[in-house]
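Undergrad: Predicted structure and sequence below. I'll ask about it afterward.
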Amino acid sequence: MTINIENVTSVEIAGVEMYDYPDFCDAYVEYAEKLDGTPLSDAELDTLNECDDTREYVNENAYSSLF
């Protein structure tokens with residue numbers, strides 16, 4: 001299974017800092033689960049964070065994760 005942002009739930013974003021607004025280039029997915037509820041391994045999280053779609057998702061959702 002290819003790990004991409006559309007195949008995960010319970011996404012938690014970390015590394016969000018206001019000094020990095022609006023780019024949030026230091027933000028990343030810290031935790032996520034597969035659709036069956038299984039947490040992603042560290043290796044799977046690394047793969048997920050390398051995807052362009054994930055970077056876009058993180059950038060779009062980083063600000064709201066502060067609240």
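TA: Cool, the structure landed.

Undergrad: Identify the residues contacting the spatially most central residue of the chain.
TA: Central residue check for the chain by C-alpha atoms, centre = their mean: the C-alpha nearest the mean position is that of residue 29, 2.7 Å away. Contact criterion C-beta atoms under 8 Å, 6 or more residues apart in numbering gives 5, 8, 11-14, 45, 48-49, 54, 58 as the residues in contact with residue 29. Bear in mind the C-beta positions are built from the backbone N, C-alpha and C, glycine included.

Undergrad: mind running it again at 7 Å?
TA: 11, 13, 45, 48-49, 54, 58 (C-beta atoms under 7 Å, 6 or more residues apart in numbering).

Undergrad: from those residues, which is closest to residue 25?
TA: When the contacts of residue 29 are compared for distance to residue 25 (C-beta to C-beta), residue 58 wins out at 9.4 Å.

Undergrad: burial measure for the closest one, as a count.
TA: When counting by other C-beta atoms under 10 Å, one arrives at 23 neighbours for residue 58.

Undergrad: Over to the one 3 residues further on?
TA: Close neighbours of residue 61, defined as other C-beta under 10 Å, add up to 15.

Undergrad: Tell me which stretches of the chain form helices.
TA: With DSSP state H as the criterion, the chain has helices at 42-49, 52-61.

Undergrad: hmm, back to that, out of the contacts of residue 29, which is nearest to residue 24?
TA: For residue 24, the closest of the contacts of residue 29 turns out to be residue 58, at 6.7 Å, with distances computed as C-beta to C-beta.
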